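J.: Got a sequence here, can you build the structure:
(2 chains)
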2 protein chains.
Amino acid sequence: MNPFRFHNPTVLYYGKGQIEQHLAAEVTRYGKRVLLVYGGGSIKRNGLYDKVMGILTEAGVQVFELPGVEPNPRLTTVYRGIQICRYEQIDLILAVGGGSVIDCAKGIAMGAKFDGDIWDVYQRKAKANDALPLGAILTLSATGSEMNAGGVITNWETKEKLGGSAPPHTFPRFSFCDPENTFTVPRDQTVYGTCDMLAHCFEHYFHPTHNTPLQQRLIESVIATIIETAPKALENPTDYDARETLMYCSTMALNGMINMGVEGDWACHAIEHEISAIYDIPHGGGLAIVFPNWMDYVVDAGPERFAQLGTRVFGIDPAGKSVDELAREAIAEVRAFFRRIGAPQRLADYGIGDEHIERMAEQAVRFRKLGSFKKLDKEDVAEILRRCL
Amino acid sequence: MNPFRFHNPTVLYYGKGQIEQHLAAEVTRYGKRVLLVYGGGSIKRNGLYDKVMGILTEAGVQVFELPGVEPNPRLTTVYRGIQICRYEQIDLILAVGGGSVIDCAKGIAMGAKFDGDIWDVYQRKAKANDALPLGAILTLSATGSEMNAGGVITNWETKEKLGGSAPPHTFPRFSFCDPENTFTVPRDQTVYGTCDMLAHCFEHYFHPTHNTPLQQRLIESVIATIIETAPKALENPTDYDARETLMYCSTMALNGMINMGVEGDWACHAIEHEISAIYDIPHGGGLAIVFPNWMDYVVDAGPERFAQLGTRVFGIDPAGKSVDELAREAIAEVRAFFRRIGAPQRLADYGIGDEHIERMAEQAVRFRKLGSFKKLDKEDVAEILRRCL
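T.: Presented below is the predicted three-dimensional model:
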């Protein structure tokens, strides 16, 4: 493994009843002026908004609100949140929602303490060294944002979708994960969330880092459990056990615990960001399209890892098969899983054609070549995108 | 899974060169008066003492020393450390050693901030709510103490060996794990460390908690990797990759990351503590003796979990075998592994007879019945101990 530094200070609460028992104490530790950040209103329909407001009000907290955070959260929304924080002297930002809401809250938290345009941080022109405290109540199993320091923001004017962070400040100070809050997540969102968490595992799994046997097994554990569990959650959205396991997989997939000392690939995420920066498609849907095509394109750089995925996770019998055959069977299994849960297969499913491929490929590599498993230049990215059509 | 709260704030540094690069900054964050706690002098022989002293001195740190911490660290040593901390107004305790040294440092850290006899905390008569900051430099892969809040101390006068903690205060603020610092660990200690980390995995793995598919796979990942790697480290003590992987397994086995929301068993640890409180045998050696006998005794309470261990970790072919048969084969594999690496098999290997079995059994259950996988009373413990003879 590579030498590494690991630090994840988030206090994680999991399970039924934790919000009722511990939210008030966790919030008021940071003050009494709270900015509640949330999305399109699903938390008003399912009762979570009322529950949280009740707890905060009873605890003597003054609540300010930033509703309407978009699925691909926008820089303009981050700016609005920053203004509220400054004007109202907010002590804590409380994100109630999925990864988009939490990512937006992270941008606001950094921006409220940043002297300048916070977009510079996402553009890597500047570094944020502080952030307002933020906490999270998770309502969607997908991004792992509830237990990591990063967040992705879209600048709709420039059509750029970029990640930013300021660890340890942008780790949620606390996160509440109650599986019941995901019971009402629509089927499509459950599918996209599943694709997203699986994609995080794949980004960790395909890498050139030497000597990572435990990390590989930990990642395989999460992949296997997602594949086993997602169909159950899709079949019965109020299956507590399935929702709980899926939620836990999503947290573990991107809280840094299964990939210490590993240089992940992350090319597919970068490519998907270019797609959704232009077309505003769901992140998880884009990943489900890009990943199998990326796998086909890069498999020869290390078929052994793909073969191992096939035998260990998908239970492929290796008897009489070459490594290359096993690798291709494993990719076919990944493709089949995405199809089985109803994920999109091609960009055409979103009505996307080849009109912006050159531009997306150019943008994707503007900071550097992509990937660690196999380095990709502009031509590679364009070819992968063409295969996604 | 059970509802849970997880919080592990330790900053973990892994790999070659991290001490040289980051130790001075991490230490001086807490002050300039440091108590260096270490054991029998192996760090003087292998050069680590000189390296650390050089770095601290250059950073302007005033170093006080507490050498000679015992393999089963003693309460009297904790008391000595507490006195030094108070008298010298220590800012940070730096433990350089294995689990015993770090556990001792935790006792000192709690005691230095505790108004009363710190032994009361281990006896569960009082609660510690603060601790001096402590950091660790790990030299032995075994206990996981470098990334958890607990520690075990032996009161030699009363023949009691008890665990205590005050999270988050007793988490090391930082821990440095350089595999090269384990190159000179003697063969026996490497064996005991392997037994200890494996035992931690087993304590997590055998439990009655509902719906823990991911946790089970994560634990199996660590077990499989230990079993694959320990023989390599024993065969070639300076095999960097093997030492690195084993070190990483030991940290992951007891930092809370693979067993969130799981009610572990911990009967074997409690039983072993009674043995080594009287006979002062190595903790890992005692565990290697107790665990297979405990497994034989409790297997009928849940043979499925044992069978799963057999098929998933030991690669036993389930074709044509009953769950009970698979379970017994799995236990045989565990026994065979301990034998293969040269771990002790019976209490007789340490010259221990049946003279104190009743007393040990009585002491073991003095707070409550042991175990979660199967509850054990005094008679159960006595029977397991007799099987260990």
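J.: quick one: the spatially most central residue of chain A and A:Leu246, what's the gap?
T.: With distances taken as Cα atoms, centre = their mean, A:Thr143 lies nearest the centre of chain A, 2.4 Å away. Separation of A:Thr143 from A:Leu246 (Cβ to Cβ, to the nearest Å) stands at 13 Å. In this view, the C-beta of every residue, glycine as well, is placed from N, C-alpha and C.
J.: Give the residues shared as contacts by those two.
T.: A:Gly193, A:Met197 (Cβ atoms under 8 Å, 6 or more residues apart in numbering or on different chains).
J.: buried sites along the longest helix seen in chain A?
T.: For chain A, the longest helix by residue count, based on DSSP state H, is helix A:213-235. Buried residues in helix A:213-235, counted by 16 or more other Cβ atoms under 10 Å in any protein chain shown: A:213-230, A:233-234.
J.: What of stretch A:345-365?
T.: For stretch A:345-365, by 16+ other Cβ under 10 Å, it's A:Leu347, A:Tyr350, A:Ile352, A:His356, A:Ile357, A:Met360, A:Ala361, A:Gln363, A:Ala364, A:Val365.
J.: Same list, these, but as a markdown table with secondary structure please.
T.: Formatted as a markdown table, the buried residues of stretch A:345-365 follow (DSSP: H, G, I helix; E, B strand; the rest coil):
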| residue | secondary structure |
| --- | --- |
| A:Leu347 | helix |
| A:Tyr350 | helix |
| A:Ile352 | coil |
| A:His356 | coil |
| A:Ile357 | helix |
| A:Met360 | helix |
| A:Ala361 | helix |
| A:Gln363 | helix |
| A:Ala364 | helix |
| A:Val365 | coil |
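J.: touching chain B at all, the longest strand along chain A?
T.: Longest strand in chain A, counting residues (DSSP state E): strand A:4-14. Yes. Strand A:4-14 reaches chain B (Cβ under 8 Å from any Cβ of the partner chain) through A:Phe4, A:Arg5, A:Phe6, A:His7, A:Asn8, A:Pro9, A:Thr10, A:Val11, A:Leu12, A:Tyr13, A:Tyr14.
J.: Quick check: chain neighbours aside, which residue is closest to the third one?
T.: Right, A:Phe6. B:Leu12 (4.3 Å; Cβ to Cβ, 6 or more residues apart in numbering or on different chains).
J.: okay, now that neighbour: neighbour count?
T.: By other Cβ atoms under 10 Å in any protein chain shown, the residues close to B:Leu12 number 24.
J.: re the thing from before, the longest strand of chain A - which strands sit beside it in the sheet, and in what orientation?
T.: Strand A:4-14 has its sheet partners listed here by DSSP bridges as strand A:174-177 (parallel), strand B:4-14 (antiparallel).
J.: Show me how far the first one is from its chain's centre.
T.: For strand A:174-177, the separation from the chain centroid amounts to 16 Å (computed by Cα atoms, centre = their mean, to the nearest Å).
J.: ditto for the last one
T.: Here the centre of strand B:4-14 is set off from its chain's centre by 16 Å, with Cα atoms, centre = their mean.
J.: helices or strands up against the helix or strand just after that strand?
T.: Heading C-terminal from strand B:4-14, the first helix or strand you meet, by DSSP states H and E, is helix B:18-28. On a contact count with 3 or more Cβ pairs under 8 Å, 6 or more residues apart in numbering or on different chains; DSSP states H and E, helix B:18-28 meets strand B:4-14, helix B:48-58, strand B:134-138, strand B:174-177.
J.: what mean pLDDT does the last one have?
T.: Just to be clear, that refers to strand B:174-177. Taken as a whole, strand B:174-177 has an average pLDDT of 98.
J.: Okay, strands next: where are they in chain A?
T.: Using DSSP E, strands in chain A cover A:4-14, A:33-38, A:62-66, A:92-97, A:134-138, A:150-155, A:160-165, A:174-177.
J.: First-to-last residue distance for stretch A:316-323?
T.: Terminal residues of stretch A:316-323 are spaced 12 Å apart (Cα to Cα, to the nearest Å).
J.: Make sure the residue nearest to A:Phe6 is actually in contact with B:Met252.
T.: No. Using Cβ atoms under 8 Å, B:Leu12 makes no contact with B:Met252, being 10.4 Å away.
J.: Contact partners for A:Tyr297?
T.: A:Tyr297 is in contact with A:Lys374, A:Asp380, A:Glu383, A:Ile384, A:Arg387, counting by Cβ under 8 Å, 6+ apart.
J.: okay, now the fourth one: neighbour count?
T.: It refers to A:Ile384. Neighbours around A:Ile384, by other Cβ under 10 Å: 24.
J.: Check it and give its pLDDT.
T.: 98.
J.: So it versus chain B, what's the distance?
T.: To chain B, A:Ile384 is 31 Å away according to Cβ to the nearest Cβ, to the nearest Å.
J.: Same check on the last one?
T.: Computed with Cβ to the nearest Cβ, the distance linking A:Arg387 and chain B is 32 Å.
J.: got the domain boundaries for chain A?
T.: A:11-182, A:187-388 (automatic domain parsing).
J.: Which of these sits closest to B:Gly261?
T.: domain A:11-182 (6.0 Å; Cβ to Cβ).
J.: coming back round to it: buried deepest among the strands paired with strand A:4-14, which one?
T.: strand A:174-177 (a mean of 26; mean count of other Cβ atoms under 10 Å in any protein chain shown).
J.: circling back to that earlier point, could you export the helices and strands packed on helix B:18-28 as JSON lines, including distance to A:Thr158?
T.: Formatted as JSON lines, the helices and strands packed on helix B:18-28 follow (distance: least, Cβ to Cβ, whole Å):
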{"stretch": "strand B:4-14", "distance to A:Thr158": "36"}
{"stretch": "helix B:48-58", "distance to A:Thr158": "47"}
{"stretch": "strand B:134-138", "distance to A:Thr158": "45"}
{"stretch": "strand B:174-177", "distance to A:Thr158": "40"}
